[in-house]
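Chemist: Structure of the sequence below:
(one chain, ligands or ions: 1)
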Amino acid sequence: MITVHFWPTPNGKKITVALEEMGLEYKIEPVNIGKGEQFRPEFLAISPNNRMPAIVDDDPPGGGAPIAIFESGAILLYLGDKTGKLLPRDIRGRTEVTEWLMWQMGGLGPMAGQTHHFRSSAPEKIPYAIDRYTNESHRLYGVLNKRLAGRQFVCGSEISIADVAAYPWINPEGQGQNLADFPEVAAWMERMKARPAVARGMEVGSELRR
Ligand SMILES: N[C@@H](CCC(=O)N[C@@H](CS)C(=O)NCC(=O)O)C(=O)O
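Modeler: Numbering: from 1, shown residues only. Next up is the predicted model:
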């Protein structure tokens with residue numbers, strides 16, 4: 001069984017969407033980041049950066065002791081390796097998916113997160129920060145839009161962990177973007193949304209927010 005240390009945020013949903021797409025059994029262990037539960041010693045033993053998501057797999061490939069993993073990108077790669085799903089086995093395909101996964105981890109995720117923060121959560125409205133991050137999100141949406149031209153999914157005709165990583169992070173309203181400027185992204189969002197496993201994964205933990 002895989003235990004997902006989780007709160008319903010875009011980084012958390014990457015993992016539930018991947019698990020649903022891969023058809024793996026899992027259970028949710030809530031980490032209420034609004035209440036500081038990410039600083040509990042038992043969670044820090046799994047995730048030393050005090051951030052969720054993290055997973056513990058009691059049944060790792062090859063057997064042996066349970067494996068604990070933090071960082072959503074590392075978790076997605078692990079799940080892809082474990083199942084052989086959403087991550088090509090051949091070196092060219094795997095490298096391409098890894099590139100776009102890292103693009104999300106190092107670019108889209110952090111920049112969109114800062115955009116959301118400065119536009120909606122910061123106690124002070126700082127025009128320089130709002131413009132800087134909104135413009136950077138706009139640039140990244142443009143990169144994704146260009147990449148998706150002529151492709152169903154980020155790395156071709158099949159969904160991969162690169163799509164799963166990016167999808168929960170596209171939130172035009174929260175990030176000051178207009179999807180009409182990015183028609184390829186808009187069409188891809190519809191394709192992703194229409195997948196039952198993606199819809200189930202995105203819904204996980206909604207009750208925790210109430
Ligand atoms: N690079 C990390 C980022 C994870 C992350 O930022 N998680 C946030 C919620 S989306 C969190 O746990 N925040 C708690 C905190 O800031 O203390 C990953 O992709 O797993």
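
Chemist: and the biggest helix by length in the chain, what's its mean pLDDT?
Modeler: Across the chain, the longest stretch assigned as helix under DSSP state H is helix 127-148. In this model, helix 127-148 carries a mean pLDDT of 98.

Chemist: got it, and stretch 190-203?
Modeler: 98.

Chemist: Show me what counts as buried in that stretch.
Modeler: M192, R195, A197, V198, G201, M202 (16 or more other C-beta atoms under 10 Å). For every residue, glycine as well, the C-beta is placed using N, CA and C.

Chemist: Could you find the closest non-adjacent residue to the last one?
Modeler: Computed as C-beta to C-beta, 6 or more residues apart in numbering, the closest residue to M202 that is not its neighbour in sequence is K13, at 5.5 Å.

Chemist: Please list the outside residues in contact with stretch 121-137.
Modeler: Residues outside stretch 121-137 that contact it (C-beta atoms under 8 Å, 6 or more residues apart in numbering): L108, M111, A112, Q114, T115, H117, F118, R119, Q175, G176, Q177.

Chemist: residues contacting the first one?
Modeler: Pointing back at L108 there. S137, L140, L144, A166, W169.

Chemist: lowest-pLDDT helix or strand in the protein?
Modeler: The weakest-scoring helix or strand in the chain, judged by mean pLDDT, DSSP states H and E, is helix 206-209 (a mean of 92).

Chemist: Establish whether that helix and the ligand are in contact.
Modeler: No. Using C-beta under 6 Å from any ligand atom, helix 206-209 stays clear of the ligand, coming no nearer than 12.9 Å.
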